[in-house]
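S.K.: Using only what follows, build the 3D model:
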Amino acid sequence: MSEFSIKEKKILSDHFSNTEGNVFAIITPRQVDRGALMSRYSRTDKSMRQIFLDEFLQNKTRGEEFYNRVLLEYGDDSVAELGEAQIAIEGLSNIAVKKIEDRRIGLSYLEKSSRYVAWNKKENGKYRFYRDPEIMKSRYADMYEESCNFSFDTYSKNIDPMINYVREKYPIEKYSFKDSTDGKEKLFSKLKKEADIKSANMIYRGSTKAKALDILRGLLPASTLTNVGITGNGRAFEYLLTVLGSSELKEEQDLASKIKKELDTTIKSFIKRSDDKYGKAFQKYLRDVKSKSKSIVTKEIKPKPKKGTVTKLVYHESEKNSIDTIITSIMYEQSHSTSYQDILQQVRKMSKDKKIKIIDEFTKIRSNRRHRPSRAFENIYYTFDLCNNFGMFRDFHRHRALTLERQLLTTDHGYNIPNEIKILGIEKDFKECMNKTKETFDKIRTKLPEQGQYVVNFGYNYPYFMKMNLREACHLIELRTVPQGHADYRKVAQQMFKQINRVHPNLSKIMKYVDMKEYDLERFESEKRTEEKRKKLKR
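M.R.: The predicted model follows:
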């Protein structure tokens, strides 16, 4: 016999996907009620649908009341994760978007690409870059505006010449495309059907434009305005608001207020505890540490920034101990009533060949890069000291299942000039742009070091370190060496693999899908796959 009457079922059908099954979706329209139902569910032996009828149906403020009591009075953090929201932010700088994307857990991001969209558009006659209030009311205002405009001018005027150069160097006749008549790959000149020729041109134009924009993006300043979409839960948004609200930058402080205002319209009850007092206290602590460490570092190390790129593995454990740890973890999961320590002692007695065979057997199981290694491989860590261009950092920064710490963006570490810039004959323009930026930055930084970041170009090298376990290293390196990846980060990911392979030749075998090749048009094969998907959708 059904738990609910016909009348109750009719009511419940507007709030739950079904009224009978033991698996159902909560579709009641108010976000706060959905979250409160989930949380209340854990504190009673009633079914969720019965809770709704008894406690929520007649009380329109039940959700808010529940959160005020549980979240604010008792501080149950997990409850804040039950409220989710999607926020779109348009027209924020690449400095602010990186601060937002530093938040790793509970938030997902989609950001405007610099390889598919040219950033040369003007709005009301002005390039779209952030004009920081502190800079614009200082004596550096004209210099800042002039430098950013010069960067955009240099970028914009070279887009068409760079696209033409790329298409001359990699002519369409060199590439093969799918012939719809027999399904075979054929050179462009062999295609006969008008639809195939049109499709081939679309693929070629997309991949060559992406290549050109990839080469030129180093000219863009960090003030360049972008768009980002954020999906996340209440707890993660609370921490984001705390961090942004305590920032030294007016842009980030304003973003905190604007995001809070919009979240109040969707998940207000889930973000009531956002508190920038902690954030400000933490920022003060960091400034105090910085001032103290400056004298220590200057006295003991006497640092001088090195110019150029760096990819260096600075910490790893011995492969012997690493293999023992991984195999112990694998065996522990399959054991019964045996302690980790006892298993480890037995593993240490195994022969080296037997242990390597266990790793090799696992390696065989992986048939594509989406077949992730098990959690046993999370026990081994690598720390990389990195310094590469800021444009490339923006791509690596999206990997959140690792520890990444970074410094302020400066011009101290120099820049690298892409070969295509030299061949096209615009090396002088490129250098003039970078030198102008450095001159402006060096003056702004004396009074406004954080704000000075805005003027620095994507092409300047940027120091940070990444600490990751072997499982995440496998994911990052395989993903970032795929053929369609940007040439800059493909090279760094390949270097990371070589260094891990050197110190852990047996463990590195699990990274079966690292692509060590170089490609002319990185986006070409990806554009072909996308076009095939488009065709299928039209059928």
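
S.K.: alpha carbons only for contacts and neighbour counts from here, please
M.R.: Noted.

S.K.: where along the stretch 51-200 of the chain do the helices fall?
M.R.: 62-67, 77-80, 94-101, 133-136, 141-157, 159-169, 194-216 (DSSP state H, counting those that start in this stretch).

S.K.: Let me see the ranges of the helices in the stretch 351-500 of the chain.
M.R.: Going by DSSP H, counting those that start in this stretch, the stretch 351-500 of the chain shows helices at 352-365, 390-396, 419-424, 427-444, 470-479, 487-503.

S.K.: and of those helices, who's closest to residue 268?
M.R.: The minimum distance between residue 268 and these falls on helix 390-396, with 31.0 Å, by CA to CA.

S.K.: For that closest one, could you pull out the residues that count as buried?
M.R.: 390-394, 396 (16 or more other CA atoms under 10 Å).

S.K.: Show me the residue at the heart of the protein, geometrically.
M.R.: residue 398 (1.5 Å; CA atoms, centre = their mean).

S.K.: I'd guessed that residue sits against residue 100; true?
M.R.: No. With contacts counted by CA atoms under 8 Å, residue 398 stays clear of residue 100, the gap being 11.0 Å.

S.K.: I figured residue 452 was touching residue 438, is that so?
M.R.: No. The pair residue 452 and residue 438 does not pass the contact test of CA under 8 Å, sitting 10.1 Å apart.

S.K.: Among those two, which residue is more densely surrounded?
M.R.: residue 452 (25 against 21; other CA atoms under 10 Å).

S.K.: distance of that one from residue 460?
M.R.: To residue 460, residue 452 is 13 Å away according to CA to CA, to the nearest Å.

S.K.: Now the common contact residues for the two.
M.R.: residue 410 (CA atoms under 8 Å, 6 or more residues apart in numbering).

S.K.: Could I get the buried residue list for the one helix or strand residue 323 maps to?
M.R.: In this structure, residue 323 sits in helix 319-334 according to DSSP states H and E. For helix 319-334, burial by neighbour count (16+ other CA under 10 Å) applies to 322-329, 331-332.

S.K.: Is residue 519 in a helix, a strand, or coil?
M.R.: coil (DSSP: H, G, I helix; E, B strand; the rest coil).

S.K.: For it, give its distance to residue 211.
M.R.: Residue 519 is 11 Å from residue 211, by CA to CA.

S.K.: Same drill for those two, tell me which one is more crowded.
M.R.: residue 211 (24 against 12).

S.K.: Hmm, residue 203 is touching residue 532, no?
M.R.: No. Between residue 203 and residue 532 there is no contact under CA under 8 Å: 10.1 Å.

S.K.: Between those two, point out the one with more neighbours.
M.R.: residue 203 (22 against 13).

S.K.: Other residues contacting stretch 398-417?
M.R.: For stretch 398-417, using CA under 8 Å, 6+ apart, the contacting residues are 101, 104-105, 305-308, 389, 397, 427, 430, 438, 441, 450, 452-453, 456, 459-469, 472, 476.

S.K.: what separates that stretch from the chain centre, distance-wise?
M.R.: Centre-to-centre, stretch 398-417 and its host chain are 13 Å apart (CA atoms, centre = their mean, to the nearest Å).
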